[in-house]
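Novice: structure for this input, please:
(chains A and B)
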Amino acid sequence: MPALRMPRPRMLALGLAALAGMAGAAEAGAHRIYVANEYDASISVIDPESGETLDTIGISGRPGEVRPRGMAVSPDGRTIYVAVSDFLPGRQSPEDAIVAIDTATNRVLRRYRAGGNPERVAISPDGTQLWAALEATAQVVGIDTATGAEIGKFQTGVETEGVAVSPDGRHVLVTAETSHTVTMVDARARKVLTHLLVGNRPRDVVFSPDGARAYVSAEIGGTVSVIDVAARKVVDTISLGLDSRPVELNLDPSGGRLYVAGGGTSAVYVIDTARAEVVEVIRERMGRRPWGLSVSPGGERIYTANGLSDSVSVIGADCLCVLDQFAAGRGAHSVEVGVVDAR
Amino acid sequence: MRADPLSLVLAAGLACAAPALAAERQFANAPFESHPVALAQAAALERIGARIRAAEADPDATASEESDADGDLALIRASLGAASPATLGALESLLDGAEPAPGAPKDPVAAARDLLAPPDVAGTAPFRAALAAALLLDEGGVAEGWEEVAEGEPEARALGGEELRSVERILGGPGGDDLSGEAAEMLARLDALFASEAVNPEEAEGIAQPLVGLLEVISDSDLYPGRDLGGAAALVLGLSRQGCAALARGDGAIGAERLAIARRYHDALIADTLGLMAPEAGATISAAFEPRATDDPAEACDALLGALAAARTALTP
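Specialist: Next up, the predicted model:
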C-alpha cells in the first residue's frame, strides 16, 4: 500500500528547544512545508503563510519509477530525510535509499543505502541515527547518520511501514501491516524486545513527548492503540469507528491532542489523549485522501498531504477547521508534509 | 443487482454522516461470520468464471493460473459435485480449454452460482458487498491482479479485468440504477486503471480499499473478517472442526473441501500474525493443512485443531 510518513513535530520542537541560545539557531515559527510527491519524484517546498511553492527538489530523474515516501526532520531542523524506493514494494533495488536534503539550500546532501524498499523513516532525538522501515524484507534498519554505516537490522512483522524513535532514543517502534503488529527494538542494546498485537493493518506510530506512551493507528481496525512503553503492553484502544480508515498520526507539542488522518474518509480525527476519545472530526473543505499529517512547531497549524487532490490542507488548531488549501506536486496516493525551520 | 438493491444512492449521504458517528459506529451485519462457506465458494466460483472468460478471450492469458484454478476448484468441488456432477464437469472442462459434455449446462458458472449460494442469502446486500470485497482484495483478486501486471506479468491484466467485471455485475454495474456517487467513481477508476499503463502495483488496492470501506457503510456490514483476529482464528477453527468431523464420519470429499476453505481463511487472515506471535502453532497449522501431511487424518486433525485452539488464544487480547 502507498505509505507516507511525516517528520515528527515533537522532534522539531525538541530540536528547537535544544538549539535555543546557539549561534544560528532556528527561530521558532519560521518554517517551510515539505511535501513528498510520489509520482513526480520530487519534494515541494511551500511557504506556510502564502502557500506559494518556493522550490521543487528533484529526488530522481525517473519519475514514475522512483518515488519518495516517508520523511523525517533532523532535530536541528537543517536536514530532511526522505525514504526513496521504486514502485515495487516486494523487492529490493539499487534505488532503495534514505536521501538527506539540506533545508538551507534545498539540495541533496547525501544518500544512505538502505535496501529493502524503505517506506518510512525516523531519526533519533540526537540526530545520530536514522531508522527506516523496510517493506520488502520485513525489517527495520538503523543507520549512523555521520558514517552511513548500518547500526543494526532487525526482523519485524510483515509489510513493515511506520517507525518512530522514543524521545530518549532508547526504543524504536515499527508497525507491520499484514501481521497487525508493532515490534519494539532496544536501540541501545540493539535487540528486539517484543512484538505487540495492535489493531488491524497498523500504519503509523508516534511517541508521546515524555516517551511513556506510544500511539499506533490501525487502518482497517479503525482504532488507535495506546502502548505503555515501559510495560511493553497495549493498555488502551481508542475507537475512531470502523469506517474511519486512520493512517498517519501526530501529536501537538503538549501531547494533549492527537491528530489522525483519515485517509479513506477525507477527514481528520482529533483525539483528546487524556480522555482517550475522539473529540472532533474535521471534514469540511478537507482535501481528498489525507494521508500524511504534520503539526507546526508551535502546534497552531496542522497540515495534511492529500493524495488524491495533490494538495495540502491547512487546519487551525483553535477552530479545528480547514483554513486553506495549498497546491502540491503530483502525489496521488503518497504525498507527505514536513515542517522545518527556515533560517 | 438482481434483488435488494444496495441503495448506493445513499452512499454520499452516509459517507458524509459517517465521521460524526465514527466513534460509535459498528456494523449490523457480519457476512463472513454468518456465511463463511457460501462466501468462500461464491468468490471461488467468480474467480473461476473470470478465468474462463479471460481464457476465451486470450488462451495465453491464464496459462500461468492453473494452480490458482485448482485451488479455487478445491473450495467447491465436493458441494457442486454433490449437487450437479454435470455442472462440475462442465466447469472443469472449460478450465481445461475443452468443450463441456453434451447435456451440460450452457452457462455452468451461472448454474453453479444458483446451486451453491443459498438463495435467501445470495441476493442480500451484505452478501453481495462481502463477495465484491473478496473479489477486490483477496488473493487472486483484482488488487493482486494489478500488482502482478505492474510487476511484469501482463497476462494478469485480462484476468483482473474480468474479475472487475464480476464485481461490477455483483454491485449492479457502473452507471446502474442503484450505483452512484463515490462507489461508482471508484469502480470507474479501477476500470480506467486496468486500461492504462501499469506504474504502481499498489494503485488498484489504493482504490479498492476505500471502495470496500464505502461498501461497508452502504451495506452496514463488516467486510473484513480479519479485523478481529481472535474471531478470525475462531472462524478457521470452526471450519476446521467441520472438516475434521466430516473426515471422521467418512465423508472425505466434504471434509477436504471444508479444510480447503479453512486453509484459505487461515492464509488470508491469520498466517502472517501467527508467524510472529505464535510461531510454533503457526508452523503446526501450516503443516497440518498440507495435503497428505500424514497418512493418519485423525492424527493430523488432532494436531490442527489443537494448534488452532492455541492460535485463537494467542490472537485474542
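Novice: does B:Arg53 touch B:Leu164 like I think?
Specialist: No: with contact defined as C-beta atoms under 8 Å, B:Arg53 does not reach B:Leu164; the gap is 11.4 Å. Placement of C-beta: from N, CA and C, glycine included.
Novice: those two: who's more crowded?
Specialist: Just comparing B:Arg53 and B:Leu164: by other C-beta atoms under 10 Å in any protein chain shown the higher neighbour count belongs to B:Leu164, 25 against 20.
Novice: helices along the stretch 101-250 of chain B, start to end?
Specialist: B:108-116, B:119-122, B:125-137, B:142-150, B:156-171, B:181-194, B:203-219, B:229-248 (DSSP state H, counting those that start in this stretch).
Novice: any chance of those in JSON lines, plus distance to A:Val66 and mean pLDDT?
Specialist: Formatted as JSON lines, the helices of the stretch 101-250 of chain B follow (distance: least, C-beta to C-beta, whole Å; pLDDT from 0 to 100):
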{"stretch": "helix B:108-116", "distance to A:Val66": "42", "mean pLDDT": "95"}
{"stretch": "helix B:119-122", "distance to A:Val66": "46", "mean pLDDT": "89"}
{"stretch": "helix B:125-137", "distance to A:Val66": "27", "mean pLDDT": "96"}
{"stretch": "helix B:142-150", "distance to A:Val66": "14", "mean pLDDT": "94"}
{"stretch": "helix B:156-171", "distance to A:Val66": "23", "mean pLDDT": "94"}
{"stretch": "helix B:181-194", "distance to A:Val66": "21", "mean pLDDT": "91"}
{"stretch": "helix B:203-219", "distance to A:Val66": "16", "mean pLDDT": "92"}
{"stretch": "helix B:229-248", "distance to A:Val66": "35", "mean pLDDT": "96"}
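Novice: which of the three states applies to B:Gly255?
Specialist: helix (DSSP: H, G, I helix; E, B strand; the rest coil).
Novice: in contact with it, which residues?
Specialist: By C-beta atoms under 8 Å, 6 or more residues apart in numbering or on different chains, the contact list for B:Gly255 reads B:Gly243, B:Cys244, B:Ala245, B:Ala246, B:Leu247, B:Ala248, B:Pro297.
Novice: was I right about the second one contacting B:Ala303?
Specialist: No: checked against C-beta under 8 Å, the pair B:Cys244 and B:Ala303 is beyond contact range at 10.5 Å.
Novice: mark which of the contacts of B:Gly255 are buried, thanks.
Specialist: B:Gly243, B:Cys244, B:Ala246, B:Leu247, B:Pro297 (16 or more other C-beta atoms under 10 Å in any protein chain shown).
Novice: Throw the residues you listed into TSV and include distance to chain A, thanks.
Specialist: Below are the buried ones among the contacts of B:Gly255 laid out as TSV (distance: C-beta to the nearest C-beta, whole Å):
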residue	distance to chain A
B:Gly243	25
B:Cys244	27
B:Ala246	31
B:Leu247	31
B:Pro297	30
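Novice: which one of the residues you listed is nearest B:Val217?
Specialist: B:Val217 lies nearest to B:Gly243 out of these, by C-beta to C-beta, at 34.1 Å.
Novice: how about the residue nearest to A:Gly64 when sequence neighbours are not counted, what does it touch?
Specialist: Counting by C-beta to C-beta, 6 or more residues apart in numbering or on different chains, B:Val199 is the residue found nearest to A:Gly64 once chain neighbours are left out, at 5.2 Å. B:Val199 sits next to A:Tyr39, A:Gly64, A:Glu65, A:Phe87, B:Ala150 when contact means C-beta under 8 Å, 6+ apart.
Novice: filter the residues you listed to the buried ones?
Specialist: A:Tyr39, A:Phe87, B:Ala150.
Novice: pLDDT value on the residue in the stretch 151-300 of chain A that chain B sits nearest to, please?
Specialist: Residue of the stretch 151-300 of chain A nearest chain B, by C-beta to the nearest C-beta: A:Gly241 (3.0 Å). Note on A:Gly241: pLDDT of 92.
Novice: now swap in the one 10 residues further on and tell me
Specialist: A:Leu251 is assigned a pLDDT of 96 by the prediction.
Novice: again, but for B:Cys16
Specialist: Per-residue confidence (pLDDT) for B:Cys16: 38.
Novice: in a helix, that's where A:Val158 is, yeah?
Specialist: No: counting by three-state DSSP, A:Val158 falls outside a helix, being coil.
Novice: wait, A:Thr145 touches A:Asp126, no?
Specialist: No: A:Thr145 lies out of contact with A:Asp126 (C-beta under 8 Å); the separation is 9.5 Å.
Novice: quick revisit: tell me the two of the contacts of B:Gly255 that are most distant?
Specialist: B:Ala245 and B:Pro297 (11.5 Å).
Novice: which one is B:Glu216 nearest to, not counting chain neighbours?
Specialist: Nearest to B:Glu216 is B:Leu223, by C-beta to C-beta, 6+ apart, at 5.0 Å.
Novice: still on that earlier bit, just put the contacts of B:Val199 in TSV and tack on secondary structure and distance to B:Leu211.
Specialist: Below are these laid out as TSV (DSSP: H, G, I helix; E, B strand; the rest coil; distance: C-beta to C-beta, whole Å):
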residue	secondary structure	distance to B:Leu211
A:Tyr39	coil	21
A:Gly64	coil	24
A:Glu65	coil	27
A:Phe87	coil	21
B:Ala150	helix	19
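Novice: now, which of those sits nearest A:Ser266?
Specialist: A:Ser266 lies nearest to A:Tyr39 out of the contacts of B:Val199, by C-beta to C-beta, at 19.4 Å.
Novice: contacting residues for that closest one?
Specialist: The contact partners of A:Tyr39, taken as C-beta under 8 Å, 6+ apart, are A:Pro63, A:Gly64, A:Arg67, A:Gly329, A:Arg330, A:Gly331, A:Ala332, B:Val199, B:Asn200.
Novice: quick one: least confident of these?
Specialist: Lowest pLDDT among these: A:Ala332, 35.
Novice: doesn't B:Val212 make contact with B:Asp222?
Specialist: No: B:Asp222 is beyond contact range of B:Val212, at 10.8 Å (criterion: C-beta under 8 Å).
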